[in-house]
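> need a structure here:
(2 chains)
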Amino acid sequence: AQSVTQLGSHVSVSEGALVLLRCNYSSSVPPYLFWYVQYPNQGLQLLLKYTTGATLVKGINGFEAEFKKSETSFHLTKPSAHMSDAAEYFCAVGSSNTGKLIFGQGTTLQVKP
Amino acid sequence: GAGVSQSPSNKVTEKGKDVELRCDPISGHTALYWYRQSLGQGLEFLIYFQGNSAPDKSGLPSDRFSAERTGGSVSTLTIQRTQQEDSAVYLCASSMQTATNEKLFFGSGTQLSVL
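Next up is the predicted model:
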């Protein structure tokens, strides 16, 4: 079975500050890991994904995430927050043999001017 | 179509009534997924179709929930004898192969309110 835990349902940062959204996963098989973002009044869209290979993954809009197997984590970071980053972020886990994604509870990112 | 289309966008129903939610995936996408989004619960997996068959329906909450897909395209999620706890946003998503190989494209969802 697979599961995802996102630590913190709400994160607030100032514009220009570091963004760190935490995600821990549980998986009995090698995981595929994803971050999806839902901007206000829009559908979810893929931000970045890790399947195999390089553990540091870069996505759209300056976001990146690092797969750390020893910590079962896939935290999302961005060096400098923009107002336009305000959204809900979802971490998800899948595997090559399931075909489906299991999502976490989501983290709402607020960016203050 | 250009994207995943869901209808209706909003549905208000009375407890005990049956509802049908429709999803039109992107043309050519073989995989189709239904998720439920409730406040504070994130996205809850319901069912996954590959073509017209459902290899994984483990997320359906009870036997009141069912789904089908016809012609490898349109899918319908049916909830019988709706209950207030069924109130949520029901999201449909599709992908070229599977969600783990190709990115998911999500629809805007159906907001279901059971009174």
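
> The helix or strand of chain B with the lowest mean pLDDT packs against which elements?
The weakest-scoring helix or strand in chain B, judged by mean pLDDT, DSSP states H and E, is strand B:53-56 (a mean of 90). Packing partners of strand B:53-56 (3 or more CB pairs under 8 Å, 6 or more residues apart in numbering or on different chains; DSSP states H and E): strand B:42-50. In this view, the C-beta of every residue, glycine as well, is placed from N, C-alpha and C.

> For the strand it packs on, list the C-alpha coordinates in CSV.
Below are the C-alpha coordinates for strand B:42-50, written out as CSV (Å, rounded to 0.1, in the frame of the first residue of the first chain):
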residue,chain,number,x,y,z
GLY,B,42,-7.3,16.2,0.0
LEU,B,43,-7.9,14.1,-3.1
GLU,B,44,-9.4,10.7,-2.4
PHE,B,45,-8.9,8.1,-5.1
LEU,B,46,-12.2,6.5,-6.2
ILE,B,47,-11.7,4.5,-9.4
TYR,B,48,-9.3,4.1,-12.4
PHE,B,49,-10.2,3.1,-15.9
GLN,B,50,-7.8,1.8,-18.6
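
> Is it correct that residue B:101 falls within a strand?
No: counting by DSSP: H, G, I helix; E, B strand; the rest coil, residue B:101 falls outside a strand, being coil.

> ok, how many other residues are close to it?
Burial measure for residue B:101: 15 neighbouring residues, criterion other CB atoms under 10 Å in any protein chain shown.

> Residue B:73 too?
Neighbour number of residue B:73 under other CB under 10 Å is 18.

> What sits closest to it if chain neighbours are left out?
Of all residues not flanking residue B:73 in the chain, residue B:25 sits nearest, at 6.5 Å (CB to CB, 6 or more residues apart in numbering or on different chains).

> Likewise for residue A:40?
In space, residue A:40 is closest to residue A:87, 7.0 Å off (CB to CB, 6+ apart).

> now residue A:105
Leaving out its chain neighbours, the residue that sits closest to residue A:105 by CB to CB, 6+ apart is residue B:42, at 3.7 Å.

> swap in residue A:113?
residue A:15 (5.5 Å).

> Could I get the contacting residues of the one you found?
Shown here is residue A:15, whose contacts under the criterion CB atoms under 8 Å, 6 or more residues apart in numbering or on different chains are A:81-83, A:111-113.

> And for residue B:52?
When contacts are taken as CB under 8 Å, 6+ apart, residue B:52 is in contact with B:69-72.

> Nearest to chain A among those?
Nearest to chain A among the contacts of residue B:52 is residue B:69, at 14.4 Å by CB to the nearest CB.

> Next, count neighbours for the closest one.
Other residues lying near residue B:69 total 21 when counted by other CB under 10 Å.

> Then residue A:27?
18.

> do residue A:111 as well
Using other CB under 10 Å, residue A:111 is surrounded by 19 other residues.

> strands paired with the host helix or strand of it, and their directions?
Assigned by DSSP states H and E, residue A:111 belongs to strand A:107-112. Take DSSP bridges as the rule and strand A:107-112 pairs in its sheet with strand A:10-14 (parallel), strand A:87-94 (antiparallel).
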